[in-house]
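Trainee: Sequence first, then the predicted structure:
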Amino acid sequence: MSVVDLARFMDDLATASGQAILPFFRAAFGMDDKARGGAAFDPVTEADRAAEVAMRGMIRRHLPTHGILGEEFGSENLDAECVWVLDPIDGTRAFVAGLPTWGTLIGLTHHGAAVRGLMHQPYLGEMFSGDGAQARLRSPRGERKLLSRRGTALDQAVLATTDPRLFAEGAERERYLALEGAVRLSRYGTDCYAYCMLAAGQIDLVVEAGLKPYDIVALIPIIEGAGGIVTTWDGGPAIGGGRIVAAGDPRLHETALRHLNP
């Protein structure tokens, strides 16, 4: 498929997943705990599964040589040149609570590099997309280019993380809290939406830990396309997940890394 076709196909995947998800949002639905009684509730819903089934079916029909890595149904053909990385609902806890800070993440890797990404929030009608060179938002209010915020000092920055309990007790949590204490404002409970707000210039830093590839791959081309930077805490590639720091400004990113790696 050509680049234009791939972009259209990603839109089609987003549309199909949104159609599978929306009947369940703010409605009664079945839900399981993937943690199986563990300390941290890790929900998966009928909507998660229905959306991933829909996307996997489309990829198998139209791009049978491509691989797939999905949160709910595992991996297939990961040695392929192109691999789709899917998280049908990133932010399932928000989804369960009826909050619209969740989204569907659709990423595409080529020879192991994240080359295209899309975050779809179907309830709000928003699609954030990027290819590493540029990023755009399409919404009911129109379409616009995304540009991250530049020149923000740490003491004026807005920082987001999904939950401070993501960070392991001890040095990891202490380093995060020290960074949070140095910024102007911090917000919790944002999941993938925070990364898109970083690309849109509303948030300056996103810091998290314990991420899986399907939590971050789709967001990398969006952030980088908007002029931001996203790496692991030690400055390495973010594509494998783990401890992640994203910033709208490269200099702010360097400052955050110094706080996280004293």
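Mentor: Good, I have the coordinates.
Trainee: Residue ranges in the stretch 1-150 of the chain under the pLDDT threshold?
Mentor: 1-4, 29-43 (pLDDT under 70).
Trainee: ranges for the helices of it?
Mentor: 3-21, 46-62, 92-96 (DSSP state H, counting those that start in this stretch).
Trainee: Looking at those, spot the one closest to Q121.
Mentor: Among the helices of the stretch 1-150 of the chain, helix 3-21 comes nearest to Q121, with 8.7 Å by Cβ to Cβ. For glycine as for every other residue, the C-beta is placed from the backbone atoms N, C-alpha and C.
Trainee: Tell me which of the helices of the stretch 1-150 of the chain sits nearest to D79.
Mentor: The nearest among those, by Cβ to Cβ, is helix 46-62 at 15.7 Å.
Trainee: Endpoints of stretch 120-140, how far apart?
Mentor: This stretch, stretch 120-140, spans 13 Å end to end (Cα to Cα, to the nearest Å).
Trainee: which parts of that stretch are buried?
Mentor: Neighbour counts over stretch 120-140 (16 or more other Cβ atoms under 10 Å) mark 120-123, 126-132, 134-137 as buried.
Trainee: about what we covered before: just send the helices of the stretch 1-150 of the chain back as JSON lines, with distance to M197 and mean neighbour count too.
Mentor: As requested, the helices of the stretch 1-150 of the chain are exported to JSON lines (distance: least, Cβ to Cβ, whole Å; neighbours: other Cβ atoms under 10 Å):
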{"stretch": "helix 3-21", "distance to M197": "18", "mean neighbour count": "17"}
{"stretch": "helix 46-62", "distance to M197": "22", "mean neighbour count": "19"}
{"stretch": "helix 92-96", "distance to M197": "14", "mean neighbour count": "20"}
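Trainee: nearest to Y214, of those helices?
Mentor: Checking those against Y214 by Cβ to Cβ gives helix 46-62 as the closest, at 9.9 Å.
Trainee: That closest one vs helix 3-21, what angle?
Mentor: 150 degrees (axes from the mean of the first three to the mean of the last three Cα atoms, to 10 degrees).
Trainee: And for E76, the neighbour number?
Mentor: Look at E76: counted by other Cβ atoms under 10 Å, it has 15 neighbours.
Trainee: Can you get me a residue count around the closest residue to it other than its chain neighbours?
Mentor: The shortest distance from E76 to any non-neighbouring residue, by Cβ to Cβ, 6 or more residues apart in numbering, is to I68 (5.2 Å). By the measure other Cβ under 10 Å, the count of residues near I68 is 21.
Trainee: What of the one 4 residues further on?
Mentor: Using other Cβ under 10 Å as the criterion, E72 is surrounded by 19 other residues.
Trainee: Contacts only, for the closest residue to it other than its chain neighbours.
Mentor: Excluding its sequence neighbours, the residue lying closest to E72 (Cβ to Cβ, 6+ apart) is E52, at 4.7 Å. Counting by Cβ atoms under 8 Å, 6 or more residues apart in numbering, E52 makes contact with S17, G70, E71, E72, F73, L86, P88.
Trainee: among those residues, which are in strands?
Mentor: G70, L86, P88 (DSSP state E).
Trainee: out of the residues you listed, who's nearest T255?
Mentor: L86 (33.4 Å).
Trainee: if we can go back for a sec, just give me the closest of the buried residues of stretch 120-140 to L99.
Mentor: Y123 (9.9 Å).
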